[in-house]
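>>> Kindly generate the corresponding structure for this input.
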Amino acid sequence: MQFKSTKICPKYAIMSKIKWGIFMEFEKAKLAELKQKFDSIINTEEKENIEFWYARDLQKLLGYTQWRNFLEVMKKAMISCESAGFTVFDHFAEVSKMIKLAKGAKRKVQDYMLTRYGCYLIAQKERKFFFKLSLDLI
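Predicted coordinates for the structure are as follows:
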């Protein structure tokens with residue numbers, strides 16, 4: 001029995017390059033959009049002029065509707081931070097915030113102040129979701 005050559009058909013190779021090009025353009029557009037949104041939620045600590053992001057703001061940006069689901073991604077990012085030799089609390093500082101409820105009521109909720117590196121680690125853990133989304137669109 002003779003097997004056929006395992007070479008890729010030129011037509012298939014061209015289509016793969018076109019799909020890859022579309023994928024890369026999508027990625028560039030998506031990244032530019034995400035960077036703009038990311039920059040819009042930045043906060044600055046006035047005394048020391050330190051940039052930070054609130055985890056609950058980032059949660060909304062990444063499309064999480066429930067805090068507990070986003071917290072799981074954050075825990076993975078914290079493990080990566082520790083594995084890289086950094087102090088977790090330098091990049092993920094737990095804080096409390098007051099949120100407004102109906103009829104002017106307020107309630108204290110858990111939140112985190114994140115450094116740019118902390119946000120990067122969360123986005124890195126979230127990357128698999130965006131990659132899958134990109135492939136679904138091709």
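>>> what pLDDT does residue 72 get?
Looking at residue 72, its pLDDT is 92.
>>> Please report phi then psi for it.
When read as degrees, to the nearest 10, the backbone of residue 72 gives phi -60, psi -40.
>>> Check for me that residue 70 belongs to a helix.
Yes: assessed by DSSP: H, G, I helix; E, B strand; the rest coil, residue 70 belongs to a helix.
>>> so it touches residue 61, yeah?
No: using C-beta atoms under 8 Å, residue 70 makes no contact with residue 61, being 10.4 Å away. (Each C-beta comes from the backbone N, C-alpha and C, glycine too.)
>>> And the next helix or strand past the least confident helix or strand in the chain by mean pLDDT?
Among the helical and strand segments of the chain, the one scoring lowest on mean pLDDT, DSSP states H and E is helix 10-40, with a mean of 64. Counting by DSSP states H and E, the next helix or strand C-terminal to helix 10-40 is strand 43-45.
>>> and residue 109, that's in a helix?
No: counting by three-state DSSP, residue 109 falls outside a helix, being strand.
>>> contacting residues for it?
Shown in contact with residue 109 (C-beta atoms under 8 Å, 6 or more residues apart in numbering): 56, 67, 96, 97, 98, 99.
>>> possible to save the residues you listed as a markdown table with pLDDT, distance to residue 85 and neighbour count?
Output for the contacts of residue 109, formatted as a markdown table (pLDDT from 0 to 100; distance: C-beta to C-beta, whole Å; neighbours: other C-beta atoms under 10 Å):
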| residue | pLDDT | distance to residue 85 | neighbour count |
| --- | --- | --- | --- |
| 56 | 93 | 28 | 18 |
| 67 | 92 | 28 | 14 |
| 96 | 92 | 29 | 8 |
| 97 | 87 | 30 | 15 |
| 98 | 87 | 35 | 9 |
| 99 | 83 | 35 | 11 |
